[in-house]
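>>> Take this sequence and fold it.
(2 chains)
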Amino acid sequence: MRQTTLSVALEVKPESYDHLSSLLDKLRNRRNPDPSGGEGPFADFLTRVPAVHFMSLSVFPGFDYDPLFVIEANFDGEKGPFWGQLESAIGPELRAMLRCCKRPLDNAGPLFDSITAPDARAPIAPYLERRSLTPTVFHQGNRGMTRDRILAEHKLFEATRVELACANVDGPNPYRVLTPRQIHAKLRAAVLPDFAWLNQKAPARITLAQNIGDWVRLIGFIVATVFVLSVPGLFLRLAMPWDRYLILLVLVFAGIALLLKKIGVALPGTGIATKFSFLKFFFKQLPPLLLFVAGYLVIAVAIGTPLSMLATARNFDAAWRGMIEWLLWGLAGAPVVVAAIVLWLRVIERRDSSQDAPPVDPMMLREMARREDWIPQNHMGSVVLIKPGILRAILIRAGHRGLGLVLRIVARSGYLGSMRTIHFAHWAMVNNRSRLMFFSNFDQTWESYLDDFIEKAHAGLTLAWCCGVGFPPTRFLVKDGASHGRQFKEWARHSMTVSRFWYSAYKDLTAEQIERNFRIAVGLRKRTLSDKDAVLWINDL
Amino acid sequence: MSALTSRDVLRPGPKGFKAVVQRLVFALMPSFFTFLRRWKPVMKLGNNYLTSRYDDVREVFATDPAFGVVYKPHLDVIMGGQPFFLGMGDTPQYRHDTDAMRKVVRPDDLPVLAARTQAQAAEIVAGANGKIDVVDTLVRRVTFTMLGEYLGVPEPKDGDLRVWATRLFEFQFADQGNDPALRAEVDEIAPALRAHIQSEIERRRADPGPDDVLSRCLALQKAGDPAYSDDFIRTSLMGFIVGGPPQPPMVVPQAMEQLLRRPPALAAAQAAARADDDDRLRAYVMEAMRFDPLAPGLPRVALTDWTLGTGTSHASTIPAGAQVLAAFASAMMDPRRVANPRVFDPNRPASDYMHFGFGLHECFGRHINHATLHLMLKPLLAQPNLRRAPGKAGKLVKNGPFAERLVVAYG
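All right, here's what the predicted structure looks like:
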């Protein structure tokens, strides 16, 4: 099942900020049974919006812009049905909230009018659908696990706990004397009557089509990137003899390398010791890189040869040979282009300002703290300004796109690298791409979550967030940055707002527990296990 | 034979070429709606507009100040000019009348109605010797018995309540062409039914009898509540009898037909019936109904110029006086709002369904339907070896919008 992560960000009329906040609090009070102030049942959402995993409604105040009302949603399936379900569940409340927002000045204005006019009854789903933002990067922790499957497998887990604990209560536990294979067989027989779906084949978490789609998009992105980086070389080669072209490349590369060596070191007080080395990373990635280059050549030749035949009237044999030669010359120029971009970036980075002591509103902090740590999961939402400049504008788009595509390939096991605490997280750009928004639904406390990030994924985090105004000093997009733990956390807290309404469909489950339930269910779906598999499987019981 | 004494619940359907065309139209309707949703979401035909997308259908139903009901002229014929809330806009009288009837049609009644429905269906299935017509023998009989008893409207001495109510229902909801033959029957039946209910009111005033809707109305009348005049009680009971019991014999057999077409769904529904899992069974029946609901849509009339789908690419202004058909059958198949609409999924949220309309005139009996429709099939589904009867009888036959016959065998 495809999962969707998206958000809707709407500008709020400044005078309606307090009213909107109170509407969100009222909605939360009606639905949240937590002792922090909730009154009504949350379960209503489970039946009325069966697609949703996590959802939040927040208002971001801001000094640079009017307040921003954000609906963040993570759900199963397509967005159209989800918005319909949400409207059915909290349509009147949402309409009241939308009335606090500013009328968009673009073509969506009439649609906004039709849903917010006094006594308006037009459906609001089309407006929310139109204003939905596609994330620039997103991560889905337990990818491919539908909400119903997560709940069903947890029910199965609880049944196994009861069976293991209560079998023969008055005497010795029979499971203690069984081999792993026998435990599997006995446990399966015990739970099967209540879980007939164990006899059915499990739906694939990531279908073949999705898998192919992920790879095709990533390869397409790499091919496009390589081509773009080759473009200067391709044109230069057309204008220059090969020997002069080569000499020029070598000279420029050497000059850039010398400059980079000089300015590549961290500025005083900004460096963080790290084992990460670009050279080591490069050599480690060399085999796949060469493979991609070969792939690039194949694809580019396949596309370019017919065009070349059309443009130059050459025959096929001459055209494809010429195309390969031309592309190789372009590739030869790509490292120089990369080096030039890195140099440009480094020059900019050295001039960047970072915020050493971001102010945090004590009231806001108290409100955030009051809503955190009631359940094993927590939620954060943050908005930061994006640093200006054409290079940043290009890098943030390309960087996020690449990071997102890579995550779709490497983060499929339910975990993000060694981080096992993220359910859903995403970045998106708002205010005409001048601000970057981040939302995350994670396990454990906010402090430990960010510590986890800082220790285990600081490079990716820095890559995704280094374009934010005030972010700790960064080197080459991925170094330092988030490794400045205290500074980064203060900066992140400063950019956050209160999660006034936040819903989790399985609030007692950690991402790790969901994977554990999944593994147990996978084992129990099998009629028998080999000794080796049974030994591994039993570790999760 | 007079319409009053007729035992033919449905009038003779069209024959020959006309019948073939009618079947073809019904068969092609889902594809037609798919086309409309994609290419012409609001289609104009003269002064009639057909709207097929989920959002637009909902907007039409929800915007009752702009889209009024068209039922009043026919209701006046049926009710003898007495107002019934189905024909009203959102007026104080509408609120008053619906509130008054909610005092006597209570949520507490639902478990009792459910139990009666299931018991009656079980009795009929048990006595049917392994073969039953789902339409007439099972659902129609259960519905009219159960609702007749609940409302306090017994069988007329010289007539058949099933025939009377179904004729009036056809006139009220299906007779867009104003068939003179049907009107002639209605002119006989409507006064007779009014007189029948009035005489029952008078009889029960003297002898209150069992606890039912009529006795509750009369008790409130006796207590001095001015809402419950004889005219109001009679008209309301007429409205409920005409609008209520003729519908389950249409839609429940259609759901059965849809289940029979899907053996895995049928097996799961049977398992739910055998396990006494009524909520699960209801989910299967509701989902089956989505594939063949009561009607393609419901008519409304534009009371003012109104732009439907404002701000969208298919926004269309409907002029005052135009008739709009809000195709809820199509809305429930709209992939823009209903996830995987072609898939039989009993776990859908309630918002995917518009079986009972939406907004001001959402069916007054929706809670009763919710509590009872699936239970009409439950004893049948619980039977072993449930299957279609051999031959044509085993497939659902329709007479216009009405289900006419579906015979199944079991045991």
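
>>> Please make it C-alpha for all contacts and neighbour counts, starting now.
Noted.

>>> ok, residues contacting stretch A:441-454?
A:54, A:372-373, A:376-380, A:419, A:421-425, A:461, A:482-483, A:485, A:489, A:510-511 (CA atoms under 8 Å, 6 or more residues apart in numbering or on different chains).

>>> near chain A, which residues of the stretch 301-411 of chain B show up?
For the stretch 301-411 of chain B, the contact set with chain A under CA under 8 Å from any CA of the partner chain comprises B:309-312, B:335-339, B:348-352.

>>> Can you lay out those as a markdown table showing pLDDT and neighbour count?
Converted to a markdown table, those look like this (pLDDT from 0 to 100; neighbours: other CA atoms under 10 Å in any protein chain shown):
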| residue | pLDDT | neighbour count |
| --- | --- | --- |
| B:Gly309 | 93 | 25 |
| B:Thr310 | 93 | 21 |
| B:Gly311 | 91 | 20 |
| B:Thr312 | 92 | 15 |
| B:Pro335 | 96 | 18 |
| B:Arg336 | 95 | 22 |
| B:Arg337 | 96 | 25 |
| B:Val338 | 96 | 23 |
| B:Ala339 | 94 | 23 |
| B:Arg348 | 93 | 21 |
| B:Pro349 | 92 | 19 |
| B:Ala350 | 91 | 15 |
| B:Ser351 | 92 | 18 |
| B:Asp352 | 95 | 23 |
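
>>> Counting only helices, which of those residues make the cut?
Of these, none are assigned to helices by DSSP state H.

>>> In strands, which of those residues appear?
In strands, judged by DSSP state E, none of those are found.

>>> of all the residues you listed, which comes closest to A:Leu68?
B:Gly311 (22.6 Å; CA to CA).

>>> For the closest residue to the closest one other than its chain neighbours, which residues are in contact?
Distances taken as CA to CA, 6 or more residues apart in numbering or on different chains put A:Leu111 closest to B:Gly311, at 4.0 Å, once the chain neighbours are dropped. Listed by CA under 8 Å, 6+ apart, the contact set of A:Leu111 reads A:Tyr127, B:Gly309, B:Thr310, B:Gly311, B:Thr312.

>>> ok, now with 10 Å
A:103-104, A:122-124, A:126-127, A:130, B:309-312, B:315 (CA atoms under 10 Å, 6 or more residues apart in numbering or on different chains).

>>> And A:Val226, by the same measure?
Neighbouring residues of A:Val226 by CA under 10 Å, 6+ apart: A:Gly220, A:Phe292, A:Val293, A:Tyr296, A:Leu297, A:Gly330, A:Leu331, A:Ala334, A:Pro335.

>>> low-scoring stretches of the chain, by residue?
No chain specified, so I'll use chain A. For chain A, the stretches flagged by pLDDT under 70 are A:31-43, A:169.

>>> ah, I was thinking of chain B
Looking at chain B by pLDDT under 70, you get B:1.

>>> go with 80
Confidence mapping of chain B against pLDDT under 80 gives the ranges B:1-2, B:176-178.

>>> nearest residue to the residue most central in space within chain B other than its sequence neighbours?
The residue lying closest to the centre of chain B (CA atoms, centre = their mean) is B:Gln247, at 3.3 Å. Computed as CA to CA, 6+ apart, the closest residue to B:Gln247 that is not its neighbour in sequence is B:Leu294, at 7.4 Å.

>>> residues in contact with that neighbour?
B:Leu294 touches B:247-252, B:254-255, B:328-329, B:355-356, B:401-403, counting by CA under 10 Å, 6+ apart.

>>> hmm, which of the residues you listed are the buried ones?
Using 16 or more other CA atoms under 10 Å in any protein chain shown as the burial test, those include B:247-252, B:254-255, B:328-329, B:355-356, B:402-403 as buried.
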